[in-house]
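Enquirer: mind looking at a prediction? Sequence and model below.
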Amino acid sequence: MSTKNLIFTVLLIFVPISILAHYVFHWGALVQFSLACLAILPLAAWMGTATEELAVVVGPSMGGLLNATFGNAAELIIALVALNAGLVDVVKASLTGSIIGNLLLVMGLAMFLGGLRYKEQSFQPVLARVNASAMNLAVVALLLPTAVNYTSSGIEEPVVQQLSIAVAIVLILVYVLTLLFSMKTHSYLYDVGVAELEGGEPGDLGSPEQHGGHKPNPKIWTAVLLGATTFIAIESEILVGSLEEATAVLGLTQLFTGVILLPIIGNAAENAAAVVVAMKNKMDLSVSVAVGASMQVALFVAPVLVLVGWFTGKPMDLDFNPFEVVAVAVAVFIANSISSDGKSNWLEGTLLLATYVILGIAFFFHPVIEGIG
């Protein structure tokens, strides 16, 4: 077992501790919030591992669909629980944070640490251009409802909601087409990343060596997937229930918590994987993981939350805080400009990380507005 997997296995101890702290001992909100964060980290990692194992069983096409569906499952569950609790602004902030976090923090760390070991790393510029176009669409999708609201006098909430639903449907259709592109019509562009994933490392969960040449047991990994999903839902309830009081104790706004803290918690395992493969000089795979996660949030997770909110009577629209839209646009712009040539080095990674830090500082000092904090 690799060091990363060992760490996530040890962290599972926080799952029962967190549940006991909430349901039995009724410890303070800050303690419950912290324990829930620590518990979600390994659960999200095991959910990702189970998804990858089941993908081996069902084959490349269905496996790709399975990975695409559950790639951001932990984050989606947290967002659904927050949406059900009426914390719409926290949900929007977490979506913003996921996009900028994957593009700047994850890809920045990957390029920086990979660049320290290798003078220059390369990845397919064709994929970079395709991903850049998809992310540009995401910026447009976030910008237009916000622009309509801020440039129209007296526009009513139901109108913004209807606009968001229409945009959400378009984004989901685009997401389906990106799956068709990557898994069917242009799958050869992604063959490098698939080959690297199948190769694995001795001792890593999901590697051929781990299975002894045999396919994983689907019953076991289905149980792991269902178990991890169930406990993530429980921990998300604890986290969201203690969020407001915990952030007040820490002196943080819910905007900062949603943009910075929650995305890191929900995506820690996937983020670690992107950095590890970059340090093995597999930048193609690393960039695909980082940018692919951002695309999934923008084209799938956000639209799904809008539609779920509509069906459940918990209105969620795409009218974001203007500063959030600016942050996403900045992240997409610098990520696209740096990745456009298909090459990376440690300095480019530093630039991405510096941008993330600057945006994080700006969100920390962003004044509390109505509905936030």
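Expert: Ah, there it is.
Enquirer: where does pLDDT dip in this structure?
Expert: Using pLDDT under 70 as the threshold, the predicted model of the chain has low-confidence ranges 1-2, 4, 59-65, 67-69, 71, 154, 188-214, 368-373.
Enquirer: need the strands for it, in chain order.
Expert: Assigned strands in the chain, in chain order: 121-122, 343-344 (criterion: DSSP state E).
Enquirer: could you check how many residues crowd around the closest residue to residue 343 other than its chain neighbours?
Expert: In space, not counting the residues next to it along the chain, residue 343 is nearest to residue 122; the distance is 5.1 Å by Cβ to Cβ, 6 or more residues apart in numbering. Every C-beta, even on glycine, is put in place using the N, C-alpha and C of the backbone. When neighbours are defined as other Cβ atoms under 10 Å, residue 122 has 13 of them.
Enquirer: wait, residue 122 touches residue 339, no?
Expert: No - because the distance of 10.9 Å does not satisfy Cβ atoms under 8 Å, residue 122 is recorded as not touching residue 339.
Enquirer: so who does residue 366 touch?
Expert: Under the criterion of Cβ atoms under 8 Å, 6 or more residues apart in numbering, the contact list for residue 366 reads 253, 255, 256, 323.
Enquirer: the second one: neighbouring residues, count only.
Expert: Using other Cβ under 10 Å, residue 255 is surrounded by 27 other residues.
Enquirer: quickly note the distance from it to residue 328.
Expert: Noted for residue 255: a distance of 14 Å to residue 328, by Cβ to Cβ, to the nearest Å.
Enquirer: now swap in the third one and tell me
Expert: Between residue 256 and residue 328 the distance is 16 Å, computed by Cβ to Cβ.
Enquirer: do the same with the first one
Expert: Distance check for residue 253 against residue 328: by Cβ to Cβ, it reads 18 Å.
Enquirer: export the contacts of residue 366 to CSV and tack on distance to residue 313?
Expert: Output for those, formatted as CSV (distance: Cβ to Cβ, whole Å):
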residue, distance to residue 313
253, 27
255, 25
256, 28
323, 28
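Enquirer: in PyMOL, select just the buried ones from those residues.
Expert: Applying 16 or more other Cβ atoms under 10 Å to the contacts of residue 366 leaves a buried subset, and the PyMOL line that selects it is:
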select buried, resi 253+255+256+323
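Enquirer: which ones are touching residue 123?
Expert: Listed by Cβ under 8 Å, 6+ apart, the contact partners of residue 123 are 283, 284, 286, 287, 339, 342, 343, 344.
Enquirer: now neighbour count and distance to residue 159 too, for those residues, in CSV please.
Expert: Written out in CSV, the entries for those read as follows (neighbours: other Cβ atoms under 10 Å; distance: Cβ to Cβ, whole Å):
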residue, neighbour count, distance to residue 159
283, 27, 44
284, 24, 44
286, 30, 42
287, 28, 39
339, 26, 37
342, 17, 43
343, 16, 46
344, 27, 44
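Enquirer: just the closest of those to residue 5, please.
Expert: Of all these, the one with the least separation from residue 5 (Cβ to Cβ) is residue 286, at 18.3 Å.
Enquirer: and the nearest residue to the closest one once chain neighbours are set aside, how far from residue 155?
Expert: Leaving aside its chain neighbours, residue 286 sits nearest to residue 278 (3.9 Å; criterion: Cβ to Cβ, 6+ apart). Here the distance between residue 278 and residue 155 works out to 45 Å (Cβ to Cβ).
Enquirer: for residue 281, same thing?
Expert: Applying Cβ to Cβ to residue 281 and residue 155 gives a distance of 51 Å.
Enquirer: please, where are all the helices along the stretch 101-250 of the chain?
Expert: Defined through DSSP state H, counting those that start in this stretch, the helices belonging to the stretch 101-250 of the chain, from first to last, are 107-117, 125-151, 157-180, 191-199, 208-211, 218-250.
Enquirer: could I get those as CSV with mean neighbour count and distance to residue 314?
Expert: Putting the helices of the stretch 101-250 of the chain into CSV (neighbours: other Cβ atoms under 10 Å; distance: least, Cβ to Cβ, whole Å) gives the following:
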stretch, mean neighbour count, distance to residue 314
helix 107-117, 23, 33
helix 125-151, 17, 17
helix 157-180, 17, 11
helix 191-199, 15, 37
helix 208-211, 14, 42
helix 218-250, 18, 13
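Enquirer: adding distance to residue 57 as columns, could you present the ones you listed in TSV?
Expert: Supplementary listing: the helices of the stretch 101-250 of the chain in TSV, determined by distance: least, Cβ to Cβ, whole Å:
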stretch	distance to residue 57
helix 107-117	29
helix 125-151	27
helix 157-180	19
helix 191-199	13
helix 208-211	11
helix 218-250	5
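Enquirer: quick one: closest of those helices to residue 82.
Expert: Distance to residue 82, taken as Cβ to Cβ, is lowest for helix 218-250 among these, at 5.0 Å.
Enquirer: who's in contact with the closest residue to residue 90 other than its chain neighbours?
Expert: Here the nearest residue to residue 90 in space, its sequence neighbours aside, is residue 258; by Cβ to Cβ, 6+ apart that works out to 4.4 Å. When the contact criterion is Cβ under 8 Å, 6+ apart, the partners of residue 258 are 89, 90, 91, 92, 93, 94, 96, 97.
Enquirer: taking those one by one, which sit in helices?
Expert: 89, 90, 91, 92, 93, 94, 96, 97 (DSSP state H).
Enquirer: what's the neighbour count on the last one?
Expert: Residues near residue 97, counting by other Cβ under 10 Å, number 31.
Enquirer: then the second one?
Expert: Residue 90: 27 surrounding residues under other Cβ under 10 Å.
Enquirer: I'd say it and residue 81 touch.
Expert: No - in terms of Cβ under 8 Å, residue 90 does not count as a neighbour of residue 81; the distance is 10.2 Å.
Enquirer: next, show the common contact partners of these two.
Expert: Shared contacts of residue 90 and residue 81, counting by Cβ under 8 Å, 6+ apart, come down to residue 240.
Enquirer: if anything else comes up later, I'll come back, but that's it for now.
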